[in-house]
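J.: can't give you the sequence, but here's the structure:
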C-alpha cells in the first residue's frame, strides 16, 4: 500500500488530517478547502503511518485505492449541493463486512465470492451526506474478537498516549492516527466501545433498529450486534449518527443533560479487575455532573446471575449462523473462530437461543431506571487500558456485554484524568442516543 499511496505524499500543511469531522465538513462547505484537498491530506497521512498502525488492508480486494478516493472527492466537489452537505468531504473508514460496489466483502477472513453490485445502505447514506469512503479496515474474522490483530510489523495508533501493544480495533486506530475522521464498526459485545476506550475516542452502540445492519439484515448474533460508530468527539459522532439514522439531533447543547444519573463501578459480570484510575474516572464524571446540577446516586443495577453465560451462548450461535450465511466452513477459519463456530453449531442444534433471558433482563433494567428516575447510568468501560492480547484469547471485557444483551444504547467517552484520558461508559434508555451524545459532550 505504501507505494500506491506515496505517489503524491508529502507533509500535510492544510491541517486537515486529524481534524474533527465537523471542522473538515465546515471548511469544505465554506470553500476554505475542497474534498480533493481532504482526500490528499488523508492519503498522505495513511502513507506515512499505516505501515506502523496496520489499520487498512494492504493488498488485494480491500484497503485504500487512491484513484478511487480521489475520484470520489472530485465528485463531491462537483456536487451542486456541496455547500449544504453535513459530511462534506469527511473521510470515513468502513469494516470488511460492509459491501462496497465492485469489491468482494471479505468478512475479515478473505471470503471469496462475487464483487458487490451496489454499496450497502450504510455506505449509500454516508455518501449521500457527502462523506468519502477512504477504505476498508482490517476486521477480525466474522467480527468474533473485539480486537483486531495487528498486521506484521504494525503497532498501535500514533499520536495518542497508548502503548503500541494495545489491542485497538483497526477502525479506531485509523481515526486515532488521523487517517480517517470517522469509522463504522460492529458492536456485538463491546467491540466499538472497547476500541474507543483503548484509542481515546467516542464509541456509540445504539439500540436495536436505530441504524441499519450491513446487508439489510434484520438482526445479527440473535440481537446482540448493532452497527456502531467511532469518532473523535461527541459532535462528530452526532453528525455521523444523523447521516446514518435519518434523524436530526442538531446542537448537542440544545439536547440538554440528564436530570438524574446512577453511578456504579460494579461489573455486570460479577468479575474483572478495575484499575484505580478507571475507578477514579467514574468518580470524576460524577463530580462533573454534580457541578452541572445533575443529581447523582451511587447505586448498582440489579444484575442477575448468568448474564455472561447467556451472552456467550448467543454469541457462539450467532457466529455459527453468520458463517453458514456467508458460506464458510469452520475448517477454513482461524483456530479461535473455528472453535466458536463449532460450539455455536451445537447451540443451534439444541435450539437453546430463546428470547426469555434477554427480555427479562431488559425489563428488569427498564423497571430499575424508571423506579430510580435515572436518565443515564455511568460505569467503567474497561477495567484497564494497559492490557494486551493473551495468545489467542483477549483479556476479559466484563463491562460491555450486558448492554448488548439488554438492547440498550451505550457510549464510551474519554474523561481527562491529569495528563491522560480515561474512558467511562454511559448507558441509557431505548431511544436515548442523542442524550448520551450530549452527556458525553459535557464530560470532555
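T.: Noted; the coordinates are in hand. The shown structure was predicted, so the numbers you read here are calculated from the model rather than taken from an experiment.

J.: check which helix or strand the spatially most central residue of the chain maps to.
T.: Centroid check for the chain by CA atoms, centre = their mean gives residue 192 as the closest residue, at 3.0 Å. Take DSSP states H and E as the rule and residue 192 turns out to sit in helix 191-199.

J.: could you identify the helix or strand that succeeds that helix?
T.: Counting by DSSP H and E, what follows helix 191-199 is strand 202-205.

J.: same for that following strand, what does it pack against?
T.: strand 182-187, helix 191-199, strand 226-231, helix 234-245, strand 410-417, helix 433-441 (3 or more CB pairs under 8 Å, 6 or more residues apart in numbering; DSSP states H and E). Every residue, glycine included, has its C-beta placed from N, CA and C.

J.: who's in contact with the first one?
T.: The reference is to strand 182-187. The contact list for strand 182-187 (CB atoms under 8 Å, 6 or more residues apart in numbering) reads 21, 87, 90-95, 97-98, 122, 126, 131, 137, 143, 169, 171-172, 174-175, 191-193, 195, 203, 205, 214, 220, 225-231, 236, 240, 404.

J.: please repeat the previous calculation with a cut-off of 6 Å.
T.: 21, 92-95, 143, 171, 174-175, 192, 205, 225-226, 228, 230-231, 240 (CB atoms under 6 Å, 6 or more residues apart in numbering).

J.: how far does the helix or strand harbouring residue 325 sit from the chain's center?
T.: Using DSSP H and E, residue 325 sits in helix 307-326. Chain-centre distance of helix 307-326: 19 Å, with CA atoms, centre = their mean, to the nearest Å.

J.: identify the residues contacting it?
T.: 107, 111, 142, 144, 221-222, 224, 268-269, 340-341, 343-345, 347-348, 353, 357, 401-402, 405.

J.: same deal with stretch 217-235?
T.: Here stretch 217-235 makes contact (CB under 6 Å, 6+ apart) with 20, 22, 171-172, 175, 182-183, 185-188, 192, 196, 201-206, 211, 213, 237, 240, 314, 318, 353, 404, 437, 440-441.

J.: could you do stretch 415-426 as well?
T.: Taking CB under 6 Å, 6+ apart as the rule, stretch 415-426 contacts 161, 197, 200, 277-278, 281-282, 284-285, 376, 378-379, 381, 411-412, 414, 436, 439, 443.

J.: give me the below-cutoff pLDDT ranges for the stretch 201-350 of the chain.
T.: 330-332 (pLDDT under 70).

J.: could you redo the last one with a cut-off of 90?
T.: Across the stretch 201-350 of the chain, the ranges flagged by pLDDT under 90 are 214-222, 269-273, 277, 305-306, 308-309, 312, 315, 318-350.

J.: look up how far residue 320 lies from the residue lying farthest from the centre of the chain.
T.: For the chain, the largest distance from the centre (CA atoms, centre = their mean) belongs to residue 350, which lies 32.2 Å off. Distance of residue 350 to residue 320, given as CB to CB, to the nearest Å: 12 Å.

J.: ok, residue 175 next?
T.: As judged by CB to CB, residue 175 and residue 320 stand 31 Å apart.

J.: neighbour count: these two, which is higher?
T.: When neighbours are counted by other CB atoms under 10 Å, residue 175 and residue 320 differ, and residue 175 comes out ahead with 34 against 23.

J.: tell me the secondary structure at the more buried one.
T.: What DSSP: H, G, I helix; E, B strand; the rest coil gives for residue 175 is helix.

J.: that one: what's it in contact with?
T.: 183, 201, 230.

J.: try it again at 8 Å.
T.: Per CB under 8 Å, 6+ apart, neighbours of residue 175: 93, 181-183, 199, 201, 230-232.

J.: make JSON lines out of those residues and add distance to residue 256 and neighbour count.
T.: Shown next, in JSON lines, are the contacts of residue 175 (distance: CB to CB, whole Å; neighbours: other CB atoms under 10 Å):
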{"residue": "93", "distance to residue 256": "31", "neighbour count": "28"}
{"residue": "181", "distance to residue 256": "26", "neighbour count": "34"}
{"residue": "182", "distance to residue 256": "25", "neighbour count": "28"}
{"residue": "183", "distance to residue 256": "28", "neighbour count": "32"}
{"residue": "199", "distance to residue 256": "28", "neighbour count": "28"}
{"residue": "201", "distance to residue 256": "24", "neighbour count": "32"}
{"residue": "230", "distance to residue 256": "24", "neighbour count": "33"}
{"residue": "231", "distance to residue 256": "21", "neighbour count": "28"}
{"residue": "232", "distance to residue 256": "23", "neighbour count": "23"}
